[in-house]
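Visitor: Predicted coordinates and the sequence they were generated for:
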There are 2 protein chains.
Amino acid sequence: MNGAHSLVHTLLKSGVDTCFSNPGTSEMHFVAALDQIPGMRCVLGLQENVVTGMADGYYRMAGKPACTLLHCGPGLANGLGNLHNARRARSSIVNIVGDQATYHRPYDAQLTADTEGWARPVSVWTRTSMSSDAVGRDAAVAVQASRAAPGGIATLILPSDSSWNEGGVVADPLPVTPALPPDPHAVRAAAKVLREGRNVLILIGGTAMREGPQALAWRVAQATGAKILGEMSNARVARGRGRQQLERVPYVANVAIDALKDFEHLILVNSKAPVGFFAYPGKPSKHYPESAQVHVLSRVEQDAEAALQALVDELGAPQAAIPDPGPRPERGRGAPTPEGLARTVAALMPDNAIISDESVSFGRGFYKETHAAPAHDWLQLTGGAIGDGMPVATGAAIGAGGQRRVISLQADGSAMYSLQSLWTQAREKLPVTTIILANRKYQILIGEYRDVGANPGRTAMDMLDLGNPDLNWVKLAEGMGVEAAQATTLEACGDLLAQSVSRNGPFLIELVI
Amino acid sequence: MNGAHSLVHTLLKSGVDTCFSNPGTSEMHFVAALDQIPGMRCVLGLQENVVTGMADGYYRMAGKPACTLLHCGPGLANGLGNLHNARRARSSIVNIVGDQATYHRPYDAQLTADTEGWARPVSVWTRTSMSSDAVGRDAAVAVQASRAAPGGIATLILPSDSSWNEGGVVADPLPVTPALPPDPHAVRAAAKVLREGRNVLILIGGTAMREGPQALAWRVAQATGAKILGEMSNARVARGRGRQQLERVPYVANVAIDALKDFEHLILVNSKAPVGFFAYPGKPSKHYPESAQVHVLSRVEQDAEAALQALVDELGAPQAAIPDPGPRPERGRGAPTPEGLARTVAALMPDNAIISDESVSFGRGFYKETHAAPAHDWLQLTGGAIGDGMPVATGAAIGAGGQRRVISLQADGSAMYSLQSLWTQAREKLPVTTIILANRKYQILIGEYRDVGANPGRTAMDMLDLGNPDLNWVKLAEGMGVEAAQATTLEACGDLLAQSVSRNGPFLIELVI
């Protein structure tokens, strides 16, 4: 058995059965092993940032890692943006990066690069398998490392001779470090603050954004009068009917500072104390009051649900019904507005939909208008590296087994970063409806520019405006095999959305806003 | 004056007047300074690998660096693939990477990443400007570092407070280390080998591929009976009528080994001794004979033309006319073949055209058929990181002042890596004709797969085939504002090419092969 065969067998035994890939010459023996050994679903992406973003979206829904197949240092480099986002999402991913043969590396051929150096900043674990007999063992460790709570990226670099040489040994799965149990001291300390303190914020993040922990946090809040907020950027939030009407820490610095100004205590549940996405002249980095006391109930590697259950028990917090969010919104009408589009999506999304949200500036009002939608999961851009919305949507559709409609709310500027995702959606016939929010500019930056104190002139607008020429998203989608149509009103957008969710496969709506 | 203003003034004083950009919030003061200070041409790319590839192409034609404007670590990461290629091309580029404010960095906000760590593997020089008074000085050093022969990438990381704080100081340009003079001992040693040795190969690369050095190498070869080859991958080669009919070291291992097997001496002129692009089981890494003696006439940081002139003088090599390459080829007919397409391009390219060649497997025969074309420059993928052809074409058009037609010979799989380039071509109305070689597969990999010893099955083909669905390049181009048409014959391709070179602006031909 060669190293590549031992790799595929080990991955399958470890529960990794999906491979997002963009292969090259140095991975041909790995490709051959994937071809010859049944069991791995291989999904091609036409650029590596699509590949890595799909692996991120897959994990968010499947709850287990996929592997990626990347070609040498530059192939990895092309995927680093979405690996950065995946790292912030704490998604478990096993990168397999093919590379030059061990003995060929000193010759510094054209594609030779610092593959390990590029991998480390996004990886919890990085290793190069230096011989075929090490590949299986290294792969098992990679899966173990990636799955250790809270989840992370493991990068296994596979020189081509480690892949093609005989002597491969299949490795058994290694035990995975689960989320750690709550700290009783932290639970008692949080309970004391909640009993005695005033103006207490329970800030939830990470796995605390799932349905179970949210309901427990709600009981705590109801019993103590504390307020709950979610972190600004979250890998996956359980939302809609049956879930609390949770709001998040706002993005805009002044708004966030104002929203947090009265809190005297922050209780962190798998979250971190809120800081600015960026610094601004004269504004503080911390968005919570300097005087506030910060208490950690549960760290990201701990079990948020168990911690909140322990807190409920410690407080003796009674059952508390989640309030009804009111009637399901009706479809919006007329010219597109953020609120109107959010209501349209809330009105039309099927039960158990997945929202992939890279709506950037236009989407800041989406949350509020979708509380009364059917139960759904909401996936966000976690690392701020734009271009993850469409790949995450694509991977999420696969991670959810193709059974749940994904609605991808996608700013146009960010969409251009990874538009190749649409082709994979078409090839895999995935249930993804993309709504391109076509304002034809980097709107968020125009706002930021004005905050600098000036209106953008010609040179600045040349860098902030996406017009001249306008992108035609219908043609771009059709060029990759995805049916598409343009809408300029919410009625038209709603009609197209309703059609798309009632049938199979992907669809794209270019909503001119 | 703030740091950003000192940066723009310093760059302009240092001769950097073109900025390829994709900005974000942390660069808004830099964008404002670019807006307020006249003199910098700012060119937007819709993804950073387009931005960095344009800067590479710009340098190859302009012979001086552009700067890039990139957003934080992930923005840099998105552009690393083409920075890798630019590093291999020894292109001079000054990256300006905006980043978190110095005091904000410890808070590890979402976009915080190891920007320096990602930059170093591609950069000859990396520095973070930690205060506004350092920015001007650091920028001058960055330009100096990037221009030191043979040229490289300098990465200046610009925290947002270094940009917005007052106290900026404009710095004067610093002296640039030119290409170093030849080593007289090396010249005499090479002359001795050429006089006394048998089966001598003069292997030229880098700046030795320009017209002047090529003519000198030709004189040496004519006087001594040595053979001349170019390196496999070159940043820029002077070709066509008036230049020698230079061939390159072949890509395919067996072919290269066969082509080099009889040489007893290699004289390297700004080149390195040929090794495999990849290793293969049972094949040597070195493609030249183990018994061959390798002599270095000139290193990459030395002046190739001066070294070859010194060699001509040492040998007393007489003037030698460059042989006539024969009549200009006639347009090809019928179904597209590599040779037929090359002849069609040779027949129709205007004088002084620029060829950007990322034709991968289909293009291996292009060289031989274009010797009798009018004089032109040929730009290649230097680092093997696919996705540079269209960005390099775009930047080369700008670097050549918009006065020379660029013909971009582009494999479809690689084209999908950086198709956003087309939008910049449309916006800037650049004279670029792209010919997409649409074989709808990663053809090179299917060949490599067969070399592994098997025919690809369904799973392998799912990763090697770009059909299902077919890409429609006419729609993709039109979606980005570039006129386009499909051709299935060489006659139709030739007609479209002839039309496109006779008018302004970009055009795309999808040639189904």
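Guide: Arrived safely, thanks for sending. Residues are numbered from 1 along each chain as shown, chains lettered A, B, ... in the order given.
Visitor: got a list of contacts for the helix or strand bottoming out on mean pLDDT in chain A?
Guide: Using mean pLDDT, DSSP states H and E, the weakest-scoring helix or strand in chain A turns out to be helix A:443-452, at a mean of 86. Helix A:443-452 is contacted from outside by A:280, A:360-362, A:411, A:413, A:455-456, A:460, A:464, B:23-25, B:28-29, B:31-32, B:164, using Cβ atoms under 8 Å, 6 or more residues apart in numbering or on different chains. Every residue, glycine included, has its C-beta placed from N, CA and C.
Visitor: at 6 Å what do you get?
Guide: A:360-361, A:456, A:464, B:25, B:28-29, B:32 (Cβ atoms under 6 Å, 6 or more residues apart in numbering or on different chains).
Visitor: burial measure for the nearest residue to A:A149 once chain neighbours are set aside, as a count.
Guide: Leaving aside its sequence neighbours, A:A149 sits nearest to A:A179 (Cβ to Cβ, 6 or more residues apart in numbering or on different chains; 4.1 Å). For A:A179, the count of nearby residues is 22 (other Cβ atoms under 10 Å in any protein chain shown).
Visitor: how near is A:A179 to chain B?
Guide: Applying Cβ to the nearest Cβ, to the nearest Å, the value for A:A179 to chain B is 21 Å.
Visitor: again with A:S14
Guide: On the measure of Cβ to the nearest Cβ, A:S14 and chain B end up 19 Å apart.
Visitor: mind listing what that residue touches?
Guide: A:S14 sits in contact with A:140, A:143, A:173, where contact means Cβ under 6 Å, 6+ apart.
Visitor: what's around the nearest residue to A:G505 once chain neighbours are set aside, how many residues?
Guide: Closest residue to A:G505 apart from its sequence neighbours, by Cβ to Cβ, 6+ apart: A:K429 at 4.8 Å. A:K429: 13 surrounding residues under other Cβ under 10 Å.
Visitor: Check for me that A:K429 belongs to a helix.
Guide: No - with DSSP: H, G, I helix; E, B strand; the rest coil as the criterion, A:K429 is coil rather than part of a helix.
Visitor: how close does it get to B:G401?
Guide: 48 Å (Cβ to Cβ, to the nearest Å).
Visitor: The stretch 101-250 of chain A: helices as residue ranges?
Guide: Counting by DSSP state H, counting those that start in this stretch, the segments of the stretch 101-250 of chain A that form helices are A:115-119, A:132-147, A:160-164, A:184-196, A:211-224.
Visitor: what residues does stretch A:503-510 touch?
Guide: A:425-426, A:429-430, A:432-436, A:438, A:473-474, A:477, A:482-484, A:486-487, A:493, A:496, A:500.
Visitor: List the buried residues for it?
Guide: For stretch A:503-510, the neighbour count (16 or more other Cβ atoms under 10 Å in any protein chain shown) marks A:505-510 as buried.
Visitor: Now that A:A145 has come up, it's in contact with A:A154, right?
Guide: Yes - contact criterion Cβ atoms under 6 Å: A:A145 and A:A154 qualify, at 4.3 Å.
Visitor: Compare these two and say which one has the larger neighbour count.
Guide: Neighbours per residue (other Cβ under 10 Å) separate A:A145 from A:A154, with A:A154 holding more: 27 against 23.
Visitor: Do I have it right that A:T177 meets A:S146?
Guide: No - counting by Cβ under 6 Å, A:T177 does not reach A:S146; the two are 11.0 Å apart.
Visitor: So if I had to pick from these two, which one is more boxed in?
Guide: A:S146 (28 against 12).
Visitor: Next one: the closest residue in space to the more buried one that isn't next to it in sequence from B:M390, what distance?
Guide: By the measure of Cβ to Cβ, 6+ apart, the closest residue to A:S146 outside its immediate chain neighbours is A:A154, 4.0 Å from it. Using Cβ to Cβ, A:A154 is found at 33 Å from B:M390.
Visitor: Over to A:G389?
Guide: Distance from A:G389 to B:M390, by Cβ to Cβ: 24 Å.
Visitor: same deal with A:K429?
Guide: Taken as Cβ to Cβ, the span from A:K429 to B:M390 is 29 Å.
Visitor: can you check A:S92 too?
Guide: 35 Å.
Visitor: go on, A:L381?
Guide: Between A:L381 and B:M390 the computed distance is 27 Å (Cβ to Cβ).
Visitor: export the contacts of A:S14 to JSON lines and tack on pLDDT, neighbour count and distance to A:P274?
Guide: Formatted as JSON lines, the contacts of A:S14 follow (pLDDT from 0 to 100; neighbours: other Cβ atoms under 10 Å in any protein chain shown; distance: Cβ to Cβ, whole Å):
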{"residue": "A:A140", "pLDDT": "98", "neighbour count": "19", "distance to A:P274": "38"}
{"residue": "A:V143", "pLDDT": "98", "neighbour count": "27", "distance to A:P274": "33"}
{"residue": "A:P173", "pLDDT": "98", "neighbour count": "16", "distance to A:P274": "38"}
